[in-house]
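K.L.:
Model the following, please.
(2 chains)
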Amino acid sequence: MATITTPAQQRAIEMNNLARKQRSLWGDAFWRLRRNKAAMLGLGIIITAALLAIFAPLIAPYDPIIQNTKAANADPFFAGTKYVDSNYLLGSDQLGRDILSRLIWSSRISMVVGLVPTTLVFVIGASLGMAAAFYGGWVDNLLMRFTDVIYAFPDLLFLIIIMATLRNTALGDLMGGLILMFAALAIVSWVGLARLVRGQVLSLKEKEFVEAARATGVPTRRIMVRHLFPNALAPVIVSLAFSIPGAMLAEATLSFIGIGIKPPTPTWGVMINEGFIVFAQSPWPVLLPGFCISLVMLAFTFLGDGLRDALDPRMKN
Amino acid sequence: MPELLEVKDLKTQFFTRDGVVHAVDGVSFELAAGETLGIVGESGCGKSVTALSLMRLIPNPPGKIVEGSIMFDGQDILKMDEDDVRAIRGNNIAMIFQDPMTSLNPVLTISRQISEALELHLKMDRAEARKRTVELLELVNIPSAKKRADDYPHQFSGGMRQRVMIAMALSCNPKLILADEPTTALDVTIQAQILDLLKNLGREFRTAFILITHDLGVVAGMTQRIHVMYGGQIVEKADTGELFANPKMPYTWGLLRSIPRLDESRKAKLLPIEGLPPDLIAPPPGCRFEPRCQYRREICSQQVPELRHIPNSKPDHEARCFGTQEGGWLVDTDWHKDTGSARELEAIKAEVADLPPEVKRAEAAQEEK
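P.N.:
The predicted model follows:
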């Protein structure tokens, strides 16, 4: 049976469909993010680095650990010196290891070191921050004073102490020191997020929709997870986007000092550390990993900035 | 017939730095199943706190229900444990809040928010809950409900959001709906629609309503009975018609006089109630309205009037006023003509001019520092 619609009705339906374009808050934010060129560039670099990390064994031309002393200290192809070795695109270090392969493999460590501690930070920081804000009273006091203590301690010093004391224990040996590194970075940096989440939830829980949820009989825990947390998520995401490069940089710093990831596992920090020995002869073993660190750092900063703008509801354009 | 709700001597207080605020001070009332009740009073008189007390939603600290009982369906809400109260909230008693712009969670779709109560209380699964949600949205006249269910609150207008709130309140078929100033945040044309909707749905589902408002015009066409609150107490109880035709409390007279009327001549002046609402930390020792009452006598500031039946009125008409009660000096007063003693009015104005409480309070705060 055909339904009869007058032209007026037809137009009303069309208008309705036009106005009814589905766009969620997150969809909106993503749309804004996509229009931000710097953020997209950052995202592109990050995705490239991630792909390199994932497919490192397939992409890297050499094993990053195998030494070939005969071909040591080769310069990269663009250096234009007589030490350029066509077998080693970006040259080799003093032990004759291929720098390109080592850079590619290093991105694995950097990505993992960026992501795993940040995930830990997210879990610890968000749950403690939410608990403190929502329960208030002595719970809040206890958690926040504990947070203050850790906050007051200089990050790098704390990291150095943990890494220096525990590096040579069984924990420090797990996966070439990676596990210890994850733990140390997470312990140092969850506090900022906990404070952020607490502040967010404190202001959100006074909102009427929380009272409305209570009046509907929603249990406390569910209010926290379903109603408060998604509302607090935007600044949390931004904060996490900035904490990833922070963790990467901390790893590089520690490895550079020599108390980070244990050699021979290649990381950018380790490479700079080892390159320093021959810096007078050839700057490339230091400059190349340094460039990689800077690039990824910059990429995350661009993305973080873009996310902040995209998730800020006041930036409607 | 057993009452659905029986509130006895409810006292809710807030313990603040400046002292104990007697926000609700001995409120008692009953409500039968399917009945509609209006609670009227100016801001700060304890209406909303009464409503929140009924659902035990008073933030504690600083608030606390210190006395009284709230029998709902034969059970005392104040004696239940937290889980039992939660099972009642949204399920047997639902609430509609004042500001629909802020009472919906901005990051959840409309459908998720309405489904929540259904999933929690009626144990529906997602698909069932969604189906019911669409039905509810259709019930409150949301056009193309199926599509709009997946919208976010910011895509809805104020009136539509309040419809969504009503749909949420109705979702579990509650026996009682508390509507706290449901139309205050809406513009007048939408107000009428929302009130109409509430009225019709209440009738259809035989839901009891408590409509809380400062606007006598809103309750006039909506409720069977009206309780007037002042200073944390109920000062007058009557049938809606009776209250408008034959009010028996100077405060109610003042309220009625301060409403503009279409049928009055354009020259007729609106008479405001002079003075300021009582300080609920240290309420007046006698009648709470005495400091602002133009009909006051000496007894008013010395003794506390009880809520009593009033002569020359319907049997269930009660008021808290020495003047209109048996043997009082206002029994035969026609409030339209006699606006009280001009001398007392001047005295009230003078008192307010002399002692602005804000100034006093500000001074007290200064001293504390």
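
K.L.:
What ranges does the stretch 251-369 of chain B have for its strands?
P.N.:
Ranges of strands in the stretch 251-369 of chain B, per DSSP state E, counting those that start in this stretch, are B:308-309, B:318-319.

K.L.:
what about A:V149, how many neighbours?
P.N.:
10 (other Cβ atoms under 10 Å in any protein chain shown). C-betas here are computed from N, CA, C, even on glycine.

K.L.:
What of B:N60?
P.N.:
Neighbour number of B:N60 under other Cβ under 10 Å is 11.

K.L.:
Could you point out the longest helix of the chain?
P.N.:
Just so you know, I chose chain A. Counting residues, the longest helix found in chain A (DSSP state H) is helix A:99-135.

K.L.:
you looked at the wrong chain, it should be chain B
P.N.:
Chain B, longest helix under DSSP H: helix B:188-205.

K.L.:
Buried residues, that one. List them.
P.N.:
For helix B:188-205, the neighbour count (16 or more other Cβ atoms under 10 Å in any protein chain shown) marks B:190-191, B:194-195, B:197-199, B:201-202 as buried.

K.L.:
Please apply the same query to stretch B:156-172.
P.N.:
Neighbour counts over stretch B:156-172 (16+ other Cβ under 10 Å) mark B:156, B:159-172 as buried.

K.L.:
now swap in stretch B:220-228 and tell me
P.N.:
Buried, per 16+ other Cβ under 10 Å, within stretch B:220-228: B:220, B:222-223, B:225-228.

K.L.:
now for those residues, which pair is the farthest apart?
P.N.:
B:M222 and B:V228 (15.1 Å; Cβ to Cβ).

K.L.:
Pull the contacting residues for A:T69.
P.N.:
Listed by Cβ atoms under 8 Å, 6 or more residues apart in numbering or on different chains, the contact set of A:T69 reads A:95-96.

K.L.:
Next to chain A, which bits of the stretch 51-200 of chain B? Give me the list.
P.N.:
Proximity of the stretch 51-200 of chain B to chain A, by Cβ under 8 Å from any Cβ of the partner chain, involves residues B:55, B:57, B:86-91, B:94-95, B:97, B:99, B:102-109, B:116-117, B:120-121, B:143-144, B:147-148, B:150-152, B:165, B:168.

K.L.:
Can you lay out the buried residues of helix B:188-205 as a markdown table showing distance to A:D140 and pLDDT?
P.N.:
Below are the buried residues of helix B:188-205 laid out as a markdown table (distance: Cβ to Cβ, whole Å; pLDDT from 0 to 100):
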| residue | distance to A:D140 | pLDDT |
| --- | --- | --- |
| B:I190 | 41 | 82 |
| B:Q191 | 41 | 83 |
| B:I194 | 39 | 84 |
| B:L195 | 42 | 86 |
| B:L197 | 42 | 85 |
| B:L198 | 40 | 84 |
| B:K199 | 45 | 84 |
| B:L201 | 42 | 83 |
| B:G202 | 42 | 81 |
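
K.L.:
Can you list the low-confidence ranges for the stretch 1-150 of chain B?
P.N.:
B:1-2 (pLDDT under 70).

K.L.:
Now do the strands for it: every range, in order, please.
P.N.:
Under DSSP E, counting those that start in this stretch, the stretch 1-150 of chain B gives strands at B:5-16, B:19-31, B:36-40, B:63-72, B:75-76, B:93-96.

K.L.:
quick one, helices of chain A?
P.N.:
Along chain A, the segments classed as helices by DSSP H run A:7-19, A:25-34, A:37-54, A:56-59, A:99-135, A:137-152, A:155-166, A:170-173, A:178-204, A:208-215, A:220-222, A:229-257, A:268-275, A:284-311.

K.L.:
do chain B as well
P.N.:
Going by DSSP H, chain B shows helices at B:47-54, B:82-88, B:110-121, B:126-139, B:145-148, B:158-170, B:188-205, B:216-220, B:240-245, B:250-257, B:298-302, B:342-354, B:357-368.

K.L.:
where does chain A dip in pLDDT?
P.N.:
Looking at chain A by pLDDT under 70, you get A:1-25, A:312-317.

K.L.:
Which residue lies nearest the spatial centre of it?
P.N.:
Central residue of chain A (Cα atoms, centre = their mean): A:I244, 2.3 Å from the mean position.

K.L.:
and B:E42, what is it in contact with?
P.N.:
So B:E42 contacts B:214, B:230, B:255, B:277 (Cβ under 8 Å, 6+ apart).

K.L.:
Test my guess that the third one contacts B:Y230.
P.N.:
No: with contacts defined as Cβ atoms under 8 Å, B:L255 does not count as touching B:Y230, sitting 9.3 Å away.

K.L.:
more crowded one of these two?
P.N.:
Ranked by neighbour count (other Cβ under 10 Å), B:L255 and B:Y230 place B:Y230 first, with 25 against 21.

K.L.:
who's that one bridged to?
P.N.:
On the basis of DSSP bridges, B:Y230 is bridged to B:Q233.

K.L.:
I'd say the residue nearest to the centre of chain A and A:V113 touch.
P.N.:
No: between A:I244 and A:V113 there is no contact under Cβ under 8 Å: 9.1 Å.

K.L.:
circling back to that earlier point, do the longest helix of chain A and chain B come into contact?
P.N.:
No: judged by Cβ under 8 Å from any Cβ, helix A:99-135 and chain B are separated, with a smallest distance of 13.0 Å.

K.L.:
what's the angle from that helix to helix A:137-152?
P.N.:
150 degrees (axes from the mean of the first three to the mean of the last three Cα atoms, to 10 degrees).

K.L.:
what comes up buried for helix A:99-135?
P.N.:
Per 16+ other Cβ under 10 Å, helix A:99-135 contains these buried residues: A:99-118, A:120-122, A:124-126, A:128-134.

K.L.:
And it, what does it pack against?
P.N.:
On a contact count with 3 or more Cβ pairs under 8 Å, 6 or more residues apart in numbering or on different chains; DSSP states H and E, helix A:99-135 meets helix A:37-54, helix A:56-59, helix A:137-152, helix A:178-204, helix A:229-257, helix A:268-275, helix A:284-311.
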